[in-house]
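Student: return atomic coordinates for the entry below.
(one chain, ligands or ions: 2)
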Amino acid sequence: MSTSAIPAAAELILPAPAKLNLMLHILGRRADGYHELQTLFQFLDFGDELGFALRQDGQIQLHTPIDGVPHDSNLIVRAARLLQQQTGCTLGTDIWLDKRLPMGGGIGGGSSDAATTLLGLKHLWQLDCSEDQLADMGLSLGADVPVFVRGHAAFAEGVGEKLQPVTLSEPWFLVAIPQVLVSTVEIFSDPELTRDTPPIKVRSLLEGGGHNDCLPVVQKRYPEVRNALNLLNKFVPAKLTGTGACVFGSFPNEDDADKVARQLPGTLPSFIAQGRNISMLHRRLGILVKK
Ligand SMILES: C[C@](O)(CO)[C@H](O)COP(=O)(O)OP(=O)(O)OC[C@H]1O[C@@H](n2ccc(N)nc2=O)[C@H](O)[C@@H]1O
Ligand SMILES: Nc1ncnc2c1ncn2[C@@H]1O[C@H](COP(=O)(O)OP(=O)(O)OP(=O)(O)O)[C@@H](O)[C@H]1O
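Tutor: Numbering: from 1, shown residues only. Ligands and ions are numbered 1, 2, ... in the order given. A predicted model of the protein is given here:
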């Protein structure tokens, strides 16, 4: 994996992997407007990469800005500041980001960056906080952050924070990236969204089963996503991850995924990655802790 966007000054380099929602059922809406979900999360062995270097002056400085996202709104900076506040830590950090995941893609780039920041800085600042505390902090940043903090494929309920680890097969995925940014808020506010899918037991959820309740609304609002689903459906059953925009199909091996990728038009970029039950971040941190 290239680390070109991350300078040698970084003392700690960690991955921030993507996730897929293999299914997403919407059971209802809470009084605060958030939706009760059931979803199956699996990680991909593809993602962003973050570099961290220690600062003694308490400053949090992200050196690689994202277009359209102010420094202080970036989930990386927000996660770092939250960790400082919650632990009383007076250390700071320089951070560099190698952004590879499309934004607004439904593959959790911002959430994963936030989780990698929480776990990376716990390591760099040598903090004594538990995974439960980090998952709670993560939840206050976004519904998808806790699963990245835990690092295990999971059946999620609640708003996405009640996680039950699951072991799934680890197929190869072709993920196509429609060139449009889908607003999660917009999809969850659509009056036509199905919000009354009956709950199912994880036991009865066969692998590959379930559906995505966001699909009809996303297809209606975003022709780019509709086109991508139609194109991919010619080769493999195509699914939507989260609220989109990305769509994906699964394959038993990388070659089969690659053959289909070659037949997609240049206007529909894609990448191939393997599904993972343990996130790359946790594999890497596990190695660091054992050293
Ligand atoms: C769609 C999923 O990606 C599935 O994994 C997540 O549920 C969304 O997670 P996320 O991007 O971390 O979402 P957040 O940043 O917490 O919420 C963005 C917006 O989505 C809506 N939202 C999100 C999660 C949820 N369970 N119900 C909601 O209604 C809310 O309007 C919220 O203001
Ligand atoms: N580090 C970050 N990376 C990406 N987006 C960020 C980041 N920090 C803040 N954001 C904001 O969060 C929004 C959603 O980004 P993200 O890439 O996580 O979307 P997503 O893949 O649809 O997420 P999810 O699957 O969790 O709904 C972006 O449009 C951007 O404004």
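
Student: which residue is the nearest non-sequential neighbour of the residue in the stretch 101-250 of the chain positioned nearest to ligand 2?
Tutor: Closest approach of the stretch 101-250 of the chain to ligand 2 (Cβ to the nearest ligand atom) occurs at residue 110, with a separation of 2.9 Å. (Each C-beta comes from the backbone N, C-alpha and C, glycine too.) Using Cβ to Cβ, 6 or more residues apart in numbering and skipping the chain neighbours, the partner closest in space to residue 110 is residue 75 (4.6 Å).

Student: surely the one you found is in contact with residue 114?
Tutor: Yes. Contact criterion Cβ atoms under 8 Å: residue 75 and residue 114 qualify, at 4.1 Å.

Student: can you list the residues of the stretch 51-200 of the chain near ligand 2?
Tutor: Within the stretch 51-200 of the chain, the positions lying close to ligand 2 (Cβ under 6 Å from any ligand atom) are 66, 69, 74-76, 103-111, 113, 144, 184.

Student: one more pass at 5 Å, please.
Tutor: 69, 74-76, 103-111, 113, 144, 184 (Cβ under 5 Å from any ligand atom).

Student: what residues are up against the residue nearest to residue 110?
Tutor: By Cβ atoms under 8 Å, 6 or more residues apart in numbering, the contact list for residue 75 reads 110-111, 113-114, 117, 141-142.

Student: and these as JSON lines, adding distance to residue 35?
Tutor: Output for the contacts of residue 75, formatted as JSON lines (distance: Cβ to Cβ, whole Å):
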{"residue": "110", "distance to residue 35": "19"}
{"residue": "111", "distance to residue 35": "16"}
{"residue": "113", "distance to residue 35": "23"}
{"residue": "114", "distance to residue 35": "20"}
{"residue": "117", "distance to residue 35": "26"}
{"residue": "141", "distance to residue 35": "18"}
{"residue": "142", "distance to residue 35": "14"}
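
Student: most surrounded residue in those residues?
Tutor: Taking other Cβ atoms under 10 Å to define a neighbour, the member of these with the most is residue 117, carrying 32 neighbours.

Student: how far away is the residue lying closest to residue 57 once chain neighbours are set aside from ligand 1?
Tutor: Setting aside the residues directly before and after it, residue 57 is nearest to residue 92 in space (Cβ to Cβ, 6+ apart), at 5.6 Å. To ligand 1, residue 92 is 26 Å away according to Cβ to the nearest ligand atom, to the nearest Å.

Student: ok, residue 141 next?
Tutor: In this structure, residue 141 and ligand 1 are separated by 8 Å, where distance is defined by Cβ to the nearest ligand atom.

Student: wait, that residue sits on residue 80?
Tutor: No. Residue 141 lies out of contact with residue 80 (Cβ under 8 Å); the separation is 10.8 Å.

Student: the helices in this structure, which residues?
Tutor: 75-87, 109-124, 131-141, 145-150, 184-189, 215-221, 223-233, 254-263, 280-290 (DSSP state H).

Student: among those, which comes closest to residue 17?
Tutor: If you check each of the helices of the chain against residue 17 by Cβ to Cβ, helix 280-290 wins as the nearest, at 4.7 Å.

Student: how about low-confidence regions in the protein?
Tutor: Using pLDDT under 70 as the threshold, the predicted model of the chain has low-confidence ranges 1-4, 206-208, 289-291.

Student: mind doing that once more with 80?
Tutor: Screening the chain residue by residue with the criterion pLDDT under 80, one finds the ranges 1-5, 203-209, 287-291.

Student: re earlier: quick check, nearest of the contacts of residue 75 to ligand 1?
Tutor: Using Cβ to the nearest ligand atom, residue 142 is the member of the contacts of residue 75 that sits closest to ligand 1, with 3.0 Å.

Student: list the contacts of the residue nearest to residue 57.
Tutor: So, once contact is read as Cβ under 8 Å, 6+ apart, residue 92 ends up touching 54-61, 84.

Student: just the buried subset of those residues, written out for PyMOL, thanks.
Tutor: In PyMOL, selecting the buried portion of those, with burial taken from 16 or more other Cβ atoms under 10 Å, looks like this:
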select buried, resi 60+84
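
Student: so who does the nearest residue to residue 137 once chain neighbours are set aside touch?
Tutor: By the measure of Cβ to Cβ, 6+ apart, the closest residue to residue 137 outside its immediate chain neighbours is residue 82, 5.4 Å from it. Neighbour list for residue 82: 118, 137, 140-141 [criterion: Cβ under 8 Å, 6+ apart].

Student: fine by me, we can end here.
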